[in-house]
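Trainee: with the input below, show me the fold.
(one chain, ligands or ions: 2)
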Amino acid sequence: MHIVTTIAGSDSGGGAGIQADLKTFQELGVFGTSVITALTAQNTMGVSGVFPIDHSFVEKQFQALIEDFSIAAIKTGMLYSSDIIKAIAHMIHNQNIPLIVDPVMIAKGGESLLLQEAIEAMRSSLLPLATIVTPNIPEAEALTGRKIHDVSDIREVAQGFFQLGVHCVILKGGHLADPNFAIDYVFFQNGKSFSMQTPRIQTSNTHGTGCTFSAAITAFLGQGFAMDKAIIEAKKFIQLAILHDLSIGHGYGPTNHFAYQLHKDSCEVLIYET
Ligand SMILES: Nc1ncnc2c1ncn2[C@@H]1O[C@H](COP(=O)(O)OP(=O)(O)OP(=O)(O)O)[C@@H](O)[C@H]1O
Ligand SMILES: Cc1ncc(CO)c(N)n1
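Mentor: Ligands and ions are numbered 1, 2, ... in the order given. Here you go, the predicted model:
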């Protein structure tokens, strides 16, 4: 049994954060463990409160895991403060475990999940340890200080992440205004790159898409998939989770974590060399 870990915030509404990650791990046949960085009072309509966990207790949770388990891959999500980020970086820097950083900053409803003061710690302490980083466009802009106007700017931004020491950058194009396709751009430090394209689904049920996508990458990597295969299969997982959405809540509803196991043969991801 492969064991993986999510270090993230709790979403009481169950569609994002720790809850989305553990559901995704379970669906993909890996044993999920967790380190909770913050509690959020949250539903599909928004975040009504954030209660950060003291960084010493974040450390204590991780310590409990590494004393007992052999962890195959780690992902991070909502990390909230520089104290928490630095504590995590300190704990994992000598562990030699693949690390997927989803640099969560803002919830779909606009609430902040990362303090402004924490951006520098993300850049200087955590990203140098990252195997893969999965920013959306605004996150990539905030972390590299470069603006993305169109696809040609994306390669430059990936370089910005490589300079920090990241091995693979997945720029999620969900926020680029292509009405027909959801395109993500994948860049490796060795120069290899490709884009992944699926039909864009017209829905407001996109709560937790980023968490679910990065959790699926973590689950596949933890099982020993090669990096490109893990990324492409995770794109399939999130496409199906958005397509077969569940009617839950009154706002931005969750995705359907059951869908991949039911429909995985029906989804095609188009891959283009870039
Ligand atoms: N409407 C959509 N149809 C198809 N795929 C989508 C759609 N919206 C997002 N995706 C895909 O979902 C994945 C997550 O991307 P997204 O841009 O939503 O992440 P995010 O903004 O970080 O999410 P979150 O708000 O959960 O942090 C990407 O693979 C993206 O292409
Ligand atoms: C706890 C948490 N993590 C991440 C996101 C981003 O989707 C969210 N809304 N809540």
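Trainee: residue contacts, the residue lying closest to residue 249 once chain neighbours are set aside?
Mentor: Ranked by Cβ to Cβ, 6 or more residues apart in numbering and with sequence neighbours excluded, the top spatial neighbour of residue 249 is residue 44, at 3.0 Å. Using the backbone N, CA and C atoms, a C-beta is placed for each residue, glycine as well. Residues in contact with residue 44 (Cβ atoms under 8 Å, 6 or more residues apart in numbering) are 13, 15, 207, 248, 249, 250, 251, 252, 253, 254.
Trainee: tell me the buried residues within these.
Mentor: In terms of neighbour count (16 or more other Cβ atoms under 10 Å), the buried residues within those are 13, 15, 207, 248, 249, 251, 252, 253, 254.
Trainee: show me the beta-bridge partners of the third one.
Mentor: Think residue 207. The bridge-partner assignment for residue 207, based on DSSP bridges, gives residue 254.
Trainee: so it sits against residue 47, correct?
Mentor: No. The criterion here is Cβ atoms under 8 Å, and residue 207 misses it with residue 47 at 10.9 Å.
Trainee: ok, which residues in the stretch 51-200 of the chain are in contact with ligand 1?
Mentor: Residues of the stretch 51-200 of the chain that fall close to ligand 1, judged by Cβ under 6 Å from any ligand atom: 104, 108, 136, 172, 173, 174, 175, 182, 184, 198, 200.
Trainee: take those residues and keep only those in strands.
Mentor: Secondary-structure check on these using DSSP state E: residues within strands are 172, 182, 184, 198.
Trainee: residue 270 - how many residues pack around it?
Mentor: A count of nearby residues for residue 270, using other Cβ atoms under 10 Å, gives 11.
Trainee: where are the low-confidence patches of the stretch 101-250 of the chain?
Mentor: 174-177 (pLDDT under 70).
Trainee: okay, helices next: where are they in it?
Mentor: Counting by DSSP state H, counting those that start in this stretch, the stretch 101-250 of the chain has helices at residues 119-121, 137-144, 151-164, 209-222, 227-243.
Trainee: so how far is the third one off the chain centroid?
Mentor: In other words, helix 151-164. Mean C-alpha position of helix 151-164 versus that of the full chain (Cα atoms, centre = their mean, to the nearest Å) differs by 18 Å.
Trainee: what's the answer for the longest one, then?
Mentor: With Cα atoms, centre = their mean as the basis, the distance from the averaged C-alpha position of helix 227-243 to the chain average is 12 Å.
Trainee: and that helix, which residues are buried?
Mentor: Taking 16+ other Cβ under 10 Å as the basis for neighbour counts, the residues of helix 227-243 that come out buried are 227, 230-243.
Trainee: kindly report the same for stretch 128-142.
Mentor: So for stretch 128-142, counting by 16+ other Cβ under 10 Å, buried means 129-137, 139-142.
Trainee: and the stretch 51-200 of the chain, which residues reach ligand 2?
Mentor: Applying Cβ under 6 Å from any ligand atom, we find that the stretch 51-200 of the chain lies next to ligand 2 at 77, 78, 104, 107, 113.
Trainee: give me that answer again for 5 Å
Mentor: Contact residues of the stretch 51-200 of the chain with respect to ligand 2, defined by Cβ under 5 Å from any ligand atom, are listed as 78, 104, 107.
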